[in-house]
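> What follows is a predicted structure for the sequence shown.
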Amino acid sequence: MALRTQLSGWQAVEQHAETMKSQHMKDLFANDKERFQKFSLSLPSMLFDYSKNLVDETTMQALFQLARECELEAWRDKMFRGERINITEDRSVLHVALRNRSAEPLLLDGVDVRAQVKNELNKMQAFTETVRSGKWLGYTGKAITDIVSIGVGGSNLGPQMTTEALKSYGDGTLNVHYVSNVDGNQVADVLAPLNPETVLFVVSSKTFTTSETMTNANTAVNWLLASATDKSAIAKHFVAVSTNTDKVTEFGISEDNIFDMWDWVGGRFSLWSAIGLPIALYLGFEQFIELLDGAHIVDNHFENTPLEQNMPVIMALLSLWNCTFLGAQSQAILPYDQPLHRLTAYLQQAEMESNGKHVNMSGEKVPYPTVPTIWGEIGINGQHAFYQYLHQSNNIVPADFIGSVTSVANVAGHHDILMANFFAQSEAMMAGVSEEEIRADLASKGHNQAYIDSVAPHKVHEGNRPTNTILMDRLEPKTMGMLIALYEHKIFTQGILLDICSFDQWGVELGKGLANQIHHEIAANQVSEHHDCSTASLVSYYNDNK
Ligand code: F6P
């Protein structure tokens, strides 16, 4: 297989990028009144505007041509069919099957995946209804009031981000808390106000070997048994979500209390499986299904729409264009919906763990940067912190602006102000303001020439900074499902365009192994001579002073 850089489509885009670098988006807008119509798309309840990118029709055609040369459509179809496209782990990639509730069988090694998903959804439904109706009783016969979800990475970020995003759709039946960090401060803070008689722990770990999660789960058991004393209480207060039944039962959680997931669900794409149980417990099962249905709308769109009108494909192509061809090194995610305040953290894992790779599918080093650094913050807070950098630094940072037409919180007067900022920032990033305009403005305000000369260059905004705008009608379970699925398919597409395996995460293993070893050295108060002198001295300092 040819390296991506050898493809004629790649080379054509590269050449075309050189001509586009001398263009300014302001002129592209001035010369084409139809630009918004040409470079925007909509799905039910969602508008996507990508006209504020440094692209023209030739750019987009060249990018679609490249996508075809990369056989994107064939790879997409392989994913939906359940082929083992996670080549380094020899697994299928089927998170799309988790939200497809059609009855048509999907066979994987002779087993109908859809039937498995349906069974697990039925089990989740029965369980959430039992807990939410107060029929699930703790060891003293009291109903559950609080859920504590223990998990990290994909077993935490998706559920926590979504629970926060949809907080106002909860009915207050249950409180849901999350513990992800092995830093004891977090578990101590979460447990301190809770009553062990009314807490249910959901231990979520695909592998059930993640040391941070196991440590927190053991602490939770000890906390429960400090008041319950009889170990039979564990069955009433602990459930687990995992692929590893042996490890879960070894831990002490009975088989009845295990929710299954499968190796064809990647951790960072797992919130749609029983890993999403805390979401269902918080919102109620019906709203969890709406979330799945929202994602399924986007799955259908991604699977069946020509590349030219395909939203996640265009998002991925623009990311490739901005980063690999125009040289941007990072990508900002800027939600203008307070409930989306964990979205950036979620997307950091989804995108950077998926595509932060250095070799292609054949194991050859890739000669181009892969995924940009994903960062960001709730828009208004960002405006008063780092937008200076977005507008004037020498590093161009493409940004996704995400907002809603209607606010979930109906507080008089706020939403229009929020959204005025939302629209203003991407306009400013695109258009900028020239030195000429600054000088004219200062002169019209009566400033003297010396002042104008000294300050004008500092006030220039060069503009020409690419942004996408995603405008939802309203943040609700369905649109939330759509939004997350859009990014999932964007990430998949990026992986194919870059020729990298987006579904493994070998890069987390080295640090994990070393941490394990150093933990033993700390326990034995003996630092191995195999460490470099910096690490050895740091660990010794820690041991000597703790
Ligand atoms: O260390 C990274 C990682 O493997 C993620 O990919 C995963 O989401 C997370 O750890 C948690 O893994 P598990 O669900 O197996 O505990």
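Great, that's in hand. Numbering: from 1, shown residues only.
> only C-alpha atoms for contact and neighbour calcs from this point on.
Fine.
> Next, give phi and psi for residue 400.
With angles defined as degrees, to the nearest 10, residue 400 shows backbone torsions of phi -100, psi 120.
> Run through the bridge partners of it.
The residues paired with residue 400 through beta bridges, assigned by DSSP bridges, are residue 333, residue 468.
> Count the residues that sit near it.
Other residues within reach of residue 400, judged by other Cα atoms under 10 Å, total 20.
> Begin at 35, not 1, for the rest of this chat.
Sure, I'll start numbering at 35, so the last one becomes residue 434.
> Show me which residues of the stretch 435-580 of the chain are close to the ligand?
Among all residues of the stretch 435-580 of the chain, those adjacent to the ligand (criterion: Cα under 6 Å from any ligand atom) are residue 542.
> cutoff 8 Å now
538, 539, 542, 543, 546 (Cα under 8 Å from any ligand atom).
> Show the buried residues in the residues you listed.
538, 539 (16 or more other Cα atoms under 10 Å).
> Out of the residues of the stretch 435-580 of the chain next to the ligand, which is nearest to the ligand?
Relative to the ligand, the closest of these is residue 542; by Cα to the nearest ligand atom it sits at 5.3 Å.
> re the thing from before, turn the residues of the stretch 435-580 of the chain next to the ligand into TSV, including pLDDT and secondary structure.
Formatted as TSV, the entries for those read as follows, by pLDDT from 0 to 100; DSSP: H, G, I helix; E, B strand; the rest coil:
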residue	pLDDT	secondary structure
538	97	coil
539	98	coil
542	97	helix
543	96	helix
546	96	helix
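> Dump the residues of the stretch 435-580 of the chain next to the ligand into TSV; add distance to residue 488 as well.
Listed next are these as TSV, based on distance: Cα to Cα, whole Å:
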residue	distance to residue 488
538	53
539	51
542	50
543	53
546	53
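> Next, give phi and psi for residue 467.
Backbone torsions of residue 467, given as degrees, to the nearest 10, read phi -150, psi 130.
> Name all residues that make contact with it.
Counting by Cα atoms under 8 Å, 6 or more residues apart in numbering, residue 467 makes contact with 494, 495, 496, 497.
> Turn those residues into CSV, columns for pLDDT and neighbour count.
Formatted as CSV, those follow (pLDDT from 0 to 100; neighbours: other Cα atoms under 10 Å):
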residue, pLDDT, neighbour count
494, 98, 18
495, 98, 20
496, 98, 19
497, 98, 22
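> so which of those residues would you say is closest to the ligand?
The nearest one, if we look at the contacts of residue 467 relative to the ligand and count by Cα to the nearest ligand atom, is residue 497, at 37.4 Å.
> how far away is that closest one from residue 447?
Counting by Cα to Cα, to the nearest Å, the gap from residue 497 to residue 447 is 30 Å.
> same check, this time on residue 122
Here residue 122 is placed at a distance of 53 Å from residue 447 (Cα to Cα).
> so what's residue 215 up against?
Counting by Cα under 8 Å, 6+ apart, residue 215 touches 186, 221, 246, 247.
> How are the helices of the stretch 35-184 of the chain distributed by residue range?
42-54, 59-64, 69-72, 91-103, 106-115, 147-166 (DSSP state H, counting those that start in this stretch).
> Give me the helices and strands touching the longest helix belonging to the chain, please.
Secondary structure assigned by DSSP state H gives helix 511-532 as the longest helix of the chain. Contact here means 3 or more Cα pairs under 8 Å, 6 or more residues apart in numbering; DSSP states H and E; on that basis helix 511-532 packs against helix 106-115, helix 319-338, helix 345-354, helix 388-389.
> Dump these to CSV, plus mean pLDDT and distance to the ligand.
Putting these into CSV (pLDDT from 0 to 100; distance: least, Cα to the nearest ligand atom, whole Å) gives the following:
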stretch, mean pLDDT, distance to the ligand
helix 106-115, 98, 19
helix 319-338, 98, 20
helix 345-354, 98, 22
helix 388-389, 98, 9
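> Which among those is found nearest to residue 436?
Relative to residue 436, the nearest member of the helices and strands packed on helix 511-532 by Cα to Cα is helix 345-354, separated by 13.2 Å.
> Please state the offset of that closest one from the chain centre?
For helix 345-354, the distance between its averaged C-alpha position and the chain's averaged C-alpha position is 16 Å (Cα atoms, centre = their mean, to the nearest Å).
> between it and helix 511-532, how big is the angle?
Counting by axes from the mean of the first three to the mean of the last three Cα atoms, to 10 degrees, helix 345-354 points 50 degrees away from the direction of helix 511-532.
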